[in-house]
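**Student:** next come a sequence and a model predicted from it.
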Amino acid sequence: IFRMSSPLPFYVGIFEDPAERCGIEAHSVRRVLGLNPSACTLPTKVFAAMWPDIHWTTGYAPAAAHISAFGEAGLAWSVIVLIIAGFCLGMIGELATLGKGILFVATGAAGCTFAYYLTQLPLIAAFTYGHGLVFLLLPVIMTGAIGLGMKHTRAG
């Protein structure tokens with residue numbers, strides 16, 4: 001019941017100290033660019049603080065994007081992440097309601113999935129992980145482009 005809310009006090013307590021912060025999450029971006037991912041990972045750091053006696057596994061205590069943002073770079077970044085997330089969800093919602101058909105339904109589904117991932121991943125991860133918004137919308141955009149290309153071919 002409290003899976004996503006129980007780490008909140010630990011995120012605030014640990015990352016109130018700027019020296020403990022991990023920096024803005026770019027793990028998957030670093031990996032794509034061939035750079036080493038950061039050794040500091042928010043959910044594993046919080047898990048270790050929540051359950052200090054567990055040493056036999058590496059656990060994760062994820063948090064919503066704005067809570068993770070506090071651990072990444074502090075309160076200002078947390079507020080910015082809330083604004084960016086709200087703007088993106090609003091834009092995707094608007095795109096999904098612009099018309100009828102499978103592409104608009106798929107855009108709405110991608111937006112809902114993105115919203116779900118914002119509840120347990122840092123902002124950049126919700127965009128760039130293999131199940132992130134970029135990869136959710138890629139087939140929708142490709143299908144739309146192919147459909148437009150076919151429409152112009154028939155019309156011409």
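**Tutor:** Yep, it's here.

**Student:** secondary structure class for the residue lying closest to residue 51 once chain neighbours are set aside?
**Tutor:** For residue 51, ignoring the flanking residues on the chain, the nearest one in space by C-beta to C-beta, 6 or more residues apart in numbering is residue 59 at 6.7 Å. Every residue, glycine included, has its C-beta placed from N, CA and C. Assigned with DSSP: H, G, I helix; E, B strand; the rest coil, residue 59 falls in the coil class.

**Student:** before we move on, what about residue 68?
**Tutor:** From three-state DSSP, the assignment for residue 68 is helix.

**Student:** before we move on, back to that, if I look at the residue nearest to residue 51, what pLDDT would I see?
**Tutor:** With respect to pLDDT, residue 59 scores 86.

**Student:** tell me who's in contact with it.
**Tutor:** Neighbour list for residue 59: 44, 47, 48, 51 [criterion: C-beta atoms under 8 Å, 6 or more residues apart in numbering].

**Student:** what sits against the residue lying closest to residue 46 once chain neighbours are set aside?
**Tutor:** In this structure, residue 46 finds its nearest non-sequential neighbour in residue 61, 4.1 Å apart by C-beta to C-beta, 6+ apart. Counting by C-beta under 8 Å, 6+ apart, residue 61 touches 6, 7, 10, 43, 44, 46, 47, 50.

**Student:** if any of these are buried, give me the ChimeraX selection for them.
**Tutor:** Selection of buried members from the contacts of residue 61 for ChimeraX, criterion 16 or more other C-beta atoms under 10 Å:
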select :7,10,43,46,47
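
**Student:** from the contacts of residue 61, pick the one nearest residue 68.
**Tutor:** residue 43 (8.1 Å; C-beta to C-beta).

**Student:** which SS class is residue 115?
**Tutor:** Applying three-state DSSP: residue 115 is helix.

**Student:** nearest spatial neighbour of it, chain-adjacent residues omitted?
**Tutor:** Nearest non-adjacent residue to residue 115 (C-beta to C-beta, 6+ apart): residue 89, at 5.7 Å.
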